[in-house]
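J.: pasting a predicted model and its sequence here:
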Amino acid sequence: MAEAIAQDAYSVPLDEIDVSRADLFQNDAHWPYFERLRREDPVHYHKHSMFGPYWSITKFDDIMEIEKRHDDFSSEPGITLADRPEDFQTVNFIAMDPPKHDAQRKTVQNVVAPQNLAHLQHVIRERAQNILDSLPIGEEFNWVDRVSIELTTQMLATIFDFPFEERRKLTYWSDMATSGELAGGPTPEPVRRAALLECLEEFTALYEQRKNEPPKFDLISMLAHGKDTQNMPPMEYLGNLILLIVGGNDTTRNSISGGVLALNQNPGEYDKLRADHSLIPNMVSEIIRWQTPLAYMRRTANRDIEFRGKTIRKGDKVAMWYVSGNRDETVIEDPDRFWIDRPRARHHVSFGFGVHRCMGNRLAEMQLRILWEEIMARFHKIEIVGAIERVQSSFVKGYATMPVVLHPK
């Protein structure tokens, strides 16, 4: 099926290309569509998607330009192409412009400050060791569930100071937030809303508890005591919770799985890694570029704007396709190659750029680095032994299942 979809990329009329289709990503068939857009129409308009009309920005430098011009290209009212339902509107600081964005981000960014990362490093390593030591050798299991989700969910529970034994609720709420049918996913809207209201209820109880305690170094305490966040309306609080949960969960977990896939598809790079473990930090950056765990971010034009010869009208949706920018052959050498000792591997747009650059990028890199150090200390190979299943989304570029067998050193 992926081959058939891919063949259409160069036969379909240019104006009919709709790269927001979730099936393209679920079938890993989106690549030739973006390749064509970069070559033939890098600022591309499509009228009839399930999200309505939108522009696609597909080249690296153009994405950087849009990111820098937040006065012209607003993060409000949202970061995905899906319009929020009138009767269930959440807001969060990544979908705000300065100065409100800056004030709310500043409230929580100390959770990933250097001194806290230094403390978390020991926690992450111990967690990674325990997870890897619990895995069966020579037996098939789902890497996504047993490792990618488990490590990131344990980390989320730590930085929220959420009840550890209930941590899988965080995974569930993250999946519900990003898999709604209005965004092209499989989850019916009533199910999604019920899950998010459950999330709000549980975190409101934690918020009230932390508000009446001395300030602590977890995200809920920071929100409860921060002068710019302590009086948020419920739906704004929910929006920021979902942002922090998804940001701390989906991105890292899908890069963990993506690295396993990339090394299986490129055995020469796996050999290179086995020969030199010092390549791990650079490989982590290459994994994040190659995977691009969030496919795009949306902006909305604040006024009529001439951009690269096109007229983007006030109110138009603009999708900055990170997944395409990271494969831009005019900026990145041999971009479709997974190359663990790639020069300037951190030169990618997976974390965004400018005022909205991912707050937790160093934490994500640290989790991946530590995990791969511990993997290489234990296993000769993580072998993918069956068909992988990707999630149904054009926003989250991720995996649902990845059957693997571990081969010890």
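T.: Received, thanks. Numbers count the residues shown, from 1 in each chain.
J.: sec struct for residue 288, please.
T.: helix (DSSP: H, G, I helix; E, B strand; the rest coil).
J.: okay, and the closest residue to it other than its chain neighbours sits in which element?
T.: Spatial nearest neighbour of residue 288, excluding adjacent residues (Cβ to Cβ, 6 or more residues apart in numbering): residue 350 at 4.8 Å. Where C-beta positions appear, they are placed from N, C-alpha and C, glycine not excepted. In the assignment (DSSP states H and E), residue 350 maps to no helix and no strand.
J.: next, give phi and psi for the residue nearest to residue 388 when sequence neighbours are not counted.
T.: Nearest non-adjacent residue to residue 388, counting by Cβ to Cβ, 6+ apart: residue 402, 4.8 Å away. With angles defined as degrees, to the nearest 10, residue 402 sits at phi -150, psi 90.
J.: got the buried residues for stretch 298-315?
T.: Within stretch 298-315, the residues scored as buried using 16 or more other Cβ atoms under 10 Å are 298-302, 305, 307, 312.
J.: cool, stretch 339-349 as well?
T.: 339-340, 342, 345-346, 348-349.
J.: name the residues that touch it?
T.: 60, 63-64, 269, 272-273, 279, 282-283, 285-286, 288-289, 292, 320, 322, 325-326, 331-333 (Cβ atoms under 8 Å, 6 or more residues apart in numbering).
J.: what's the end-to-end length of it?
T.: 17 Å (Cα to Cα, to the nearest Å).
J.: just the buried residues from the contacts of stretch 339-349, in PyMOL please.
T.: To isolate the buried members of the contacts of stretch 339-349 in PyMOL, using 16+ other Cβ under 10 Å:
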select buried, resi 60+63+64+269+272+273+279+282+283+285+286+288+289+292+320+322+325+326+331+332
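J.: now do the helices in the stretch 151-300 of the chain.
T.: 168-178, 189-211, 219-225, 234-265, 267-275, 280-291 (DSSP state H, counting those that start in this stretch).
J.: could you list the low-pLDDT ranges of the stretch 201-350 of the chain?
T.: Along the stretch 201-350 of the chain, the model assigns pLDDT under 70 to no residue.
J.: got the contact list for the residue nearest to residue 288?
T.: Going by Cβ under 8 Å, 6+ apart, the list of residues near residue 350 reads 288-289, 291-294, 322, 326, 358.
J.: now residue 373. Nearest residue, chain neighbours left out?
T.: Take residue 373 and drop its neighbours on the chain: the residue closest to it by Cβ to Cβ, 6+ apart is residue 280, 5.9 Å away.
J.: so who does that neighbour touch?
T.: By Cβ under 8 Å, 6+ apart, the contact set of residue 280 is 273, 369, 372-373, 376.
J.: can you tell me which of those are buried?
T.: For the contacts of residue 280, buried by 16+ other Cβ under 10 Å: 273, 369, 372.
J.: could you dump the residues you listed into a markdown table with distance to residue 52 added?
T.: A markdown table is the format used below for these (distance: Cβ to Cβ, whole Å):
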| residue | distance to residue 52 |
| --- | --- |
| 273 | 44 |
| 369 | 41 |
| 372 | 41 |
